[in-house]
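K.L.:
Provided below for reference: sequence and predicted model.
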Amino acid sequence: MKPIEWVNSLVQRHGLERPDGRSLYQYRVTDDEYIELTKALKLSAVLGVNNIVNLLSWDAAFVIYASEWWRREYDGQWGWAGLFEAVDINYKDLTVGRRNALIESGLQRWRREIRNNNGIRQLLGTIATEGGLPLHQLADSGGWLEDILKPVLKKHVARDISVSLLIENYQNLIPKSYRSEEINQILADIIKSVVYLREPHQLMDKERPLKWLDEKRPDWRELFPIPIDNESGRTLLRGLVDVASKAKKEVDKKNPFEVERYLIHVESANPELIALLEMPTFISLKSIGLDAEISSALHVEVCEPNGNTWPWCRAYLTTQGDKQLLKLSGRTIKIDGGYAISELKVRFKLLGKVIHECEPINGQSLDCDLPSLFKNIDGRWMLYGSASQSIESDNALVYIPSSFSCKAANELTNFNKTGSIFSGNLHELKGTIYCHFEDDQYRFSTIHKSHCFNISYLAKGLLMVQTLVMFILVFQTYMKPI
């Protein structure tokens, strides 16, 4: 089979006369088609690299092969070499200009554009993103895909925070060999595809959104850069659609800013605390209590009261209907070291002059003289609260100041030191402990979800028994002979 015949066959299988501009992963090349294409390209390679590029539609065949190769074979080694060598071509025989022209003309035949990053054309990056998420990501992900995609999806729906910025916040969860702008772009495409389904189809109002989509929009899976013939891919898609249907928008939230504090390097002897503020895309002037006249762009910074400041982003006045909004442009801000425990505020400046300050949610300082509990939420050990705390979870991390002594509630409790932080130690907790210092006493507890389930049913069972006993007593009373 010639490359042009293979391309025509694929296009016709989708009921098309010619490529219609869809992403290359949406052509859903099968395993057999991929094998046939590989053979066709290898056979043509014997003609020599300078001759094959002139064959009809060879560029189109190679481009879609390249995108499929990246999805199927990519193992973290970034570059052109492995891709060309897979079809017996020494990529060094092609000049950079000739290679770029080959990729560009191939993409044009599929009516696809080259991705652009900060004014620089990303040819290899375009090939990578056209193929979709590599199969290795699904097979060997160890759960990190869900740990990133689900919280990003929830936060984007709830607070309209930029998907790209949210994904950047979870880079530490991506295996190092896969950290790239291309992977980030594919992850962003997945989230945007879910959101695209959520709004027009009102999935949040559907009792069984997946069943509804299968019946009303049977081709919905074709939107995603994930192989739908792979069980891991199907499972991930089902989970994301479920999350999207249940996510709640924070309508007219009084405070658009929130400080999230979480631990990093918890596996080491010296974990660290990070304070993070994610940047919403738009905020209303009313939500932050800003009524000053705005004549130009505002500079936004995070600050300690009467202390350090950290430049954050810029804000531009815009309108939406009858509402005045600020459009924020910048990045998520992370504050580490000793400053992560500080009280934090958001400050707005116009022409160098402070015109407004607001207090973000959870912006108060963390008292390191009090014990605190951290809960694993979406793969992060988030600060849950200080003083006595009880959570429904298998385990927790508890910070205990060195001045406190602790005692397990029973022999089933596991309480083990994992590291040192602030002026005390960090412990993993499974069960219940009591902490004492002078007249202060605090209780920390984790409750396994299955235990909550069993306790609930036990309580209902006891209630039923009590009701039955009372009914019998009443019945006996009224049935006594006169």
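P.N.:
That came through fine.
K.L.:
who touches the spatially closest residue to Tyr91 that is not a sequence neighbour in this structure?
P.N.:
The shortest distance from Tyr91 to any non-neighbouring residue, by CB to CB, 6 or more residues apart in numbering, is to Phe84 (3.7 Å). For glycine as for every other residue, the C-beta is placed from the backbone atoms N, C-alpha and C. Neighbouring residues of Phe84 by CB atoms under 8 Å, 6 or more residues apart in numbering: 90-91, 94.
K.L.:
do Ala292 as well
P.N.:
So Ala292 contacts 350, 355-356 (CB under 8 Å, 6+ apart).
K.L.:
run the last query once more with 10 Å
P.N.:
285, 298, 348, 350, 353, 355-356 (CB atoms under 10 Å, 6 or more residues apart in numbering).
K.L.:
so can I have CSV of these showing secondary structure, pLDDT and distance to Ser390?
P.N.:
Formatted as CSV, those follow (DSSP: H, G, I helix; E, B strand; the rest coil; pLDDT from 0 to 100; distance: CB to CB, whole Å):
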residue, secondary structure, pLDDT, distance to Ser390
Leu285, helix, 85, 39
Leu298, strand, 92, 42
Phe348, strand, 94, 39
Leu350, strand, 91, 46
Lys353, strand, 92, 47
Ile355, strand, 91, 43
His356, strand, 91, 38
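K.L.:
Would you mind listing the two of these that lie farthest apart?
P.N.:
The most widely separated members of those are Leu285 and Lys353, with 17.4 Å between them, by CB to CB.
K.L.:
Those two: which is more packed in?
P.N.:
Leu285 (16 against 8; other CB atoms under 10 Å).
K.L.:
The more buried one reaches Leu325, doesn't it?
P.N.:
Yes: Leu285 is within contact range of Leu325, at 7.2 Å (criterion: CB atoms under 10 Å).
K.L.:
Now for the two: what residues contact both?
P.N.:
Leu317.
K.L.:
hey, C-alpha coordinates of stretch 221-237 in CSV?
P.N.:
Only the C-alpha atoms of stretch 221-237 are listed here, as CSV (Å, rounded to 0.1, in the frame of the first residue of the first chain):
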residue,chain,number,x,y,z
ARG,A,221,-15.7,10.2,23.5
GLU,A,222,-14.3,11.2,20.1
LEU,A,223,-13.7,14.7,21.6
PHE,A,224,-10.9,13.5,23.9
PRO,A,225,-7.2,13.1,23.2
ILE,A,226,-7.3,9.8,25.0
PRO,A,227,-7.4,6.3,23.4
ILE,A,228,-11.0,5.1,23.9
ASP,A,229,-10.1,1.5,23.0
ASN,A,230,-8.0,1.4,26.2
GLU,A,231,-9.8,0.5,29.5
SER,A,232,-7.6,3.0,31.5
GLY,A,233,-8.7,5.7,29.1
ARG,A,234,-12.4,4.8,29.4
THR,A,235,-12.2,4.7,33.2
LEU,A,236,-10.5,8.1,33.3
LEU,A,237,-13.1,9.7,31.0
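K.L.:
Give me the distance from it to the chain's centre.
P.N.:
The chain centroid and the centroid of stretch 221-237 are separated by 17 Å under CA atoms, centre = their mean, to the nearest Å.
K.L.:
buried sites along it?
P.N.:
The neighbour-count check on stretch 221-237 (16 or more other CB atoms under 10 Å) flags 221-227, 232-233, 236-237 as buried.
K.L.:
hang on, the earlier thing: okay if I get the contacts of Phe84 as a markdown table plus pLDDT and neighbour count?
P.N.:
Compiled in a markdown table, these are given as follows (pLDDT from 0 to 100; neighbours: other CB atoms under 10 Å):
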| residue | pLDDT | neighbour count |
| --- | --- | --- |
| Asn90 | 81 | 11 |
| Tyr91 | 76 | 15 |
| Leu94 | 81 | 18 |
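K.L.:
any idea how far the closest residue to Val302 other than its chain neighbours lies from Gly337?
P.N.:
Excluding the flanking residues, the one nearest Val302 by CB to CB, 6+ apart is Trp310, at 4.7 Å. Separation of Trp310 from Gly337 (CB to CB, to the nearest Å) stands at 12 Å.
K.L.:
cool, Gln389 as well?
P.N.:
Counting by CB to CB - Gln389 and Gly337 are separated by 25 Å.
K.L.:
now do Glu215
P.N.:
Distance from Glu215 to Gly337, by CB to CB: 54 Å.
K.L.:
Check Ser386 too.
P.N.:
When Ser386 is compared with Gly337 (using CB to CB), they lie 20 Å apart.
K.L.:
for the protein, what's the longest strand?
P.N.:
strand 309-320 (DSSP state E).
K.L.:
Tell me the buried residues in it?
P.N.:
Here strand 309-320 shows 312-313, 315 as buried, counting by 16+ other CB under 10 Å.
K.L.:
Also stretch 75-88?
P.N.:
Going by 16+ other CB under 10 Å, stretch 75-88 has these buried residues: 80, 83-84, 87.
K.L.:
CA-only coordinates of it in CSV, if you can.
P.N.:
The C-alpha trace of stretch 75-88 is given here as CSV (Å, rounded to 0.1, in the frame of the first residue of the first chain):
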residue,chain,number,x,y,z
ASP,A,75,9.1,7.0,26.5
GLY,A,76,10.3,10.4,27.6
GLN,A,77,13.2,10.9,25.2
TRP,A,78,12.3,14.2,23.6
GLY,A,79,13.5,14.7,20.0
TRP,A,80,13.1,13.7,16.3
ALA,A,81,15.6,10.9,16.2
GLY,A,82,13.5,8.0,17.5
LEU,A,83,10.6,9.1,15.3
PHE,A,84,12.4,9.0,12.0
GLU,A,85,14.5,6.0,12.9
ALA,A,86,11.3,4.0,13.5
VAL,A,87,10.7,4.1,9.7
ASP,A,88,14.3,3.5,8.8
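K.L.:
Now do that stretch, average pLDDT.
P.N.:
In this model, stretch 75-88 has an average pLDDT of 82.
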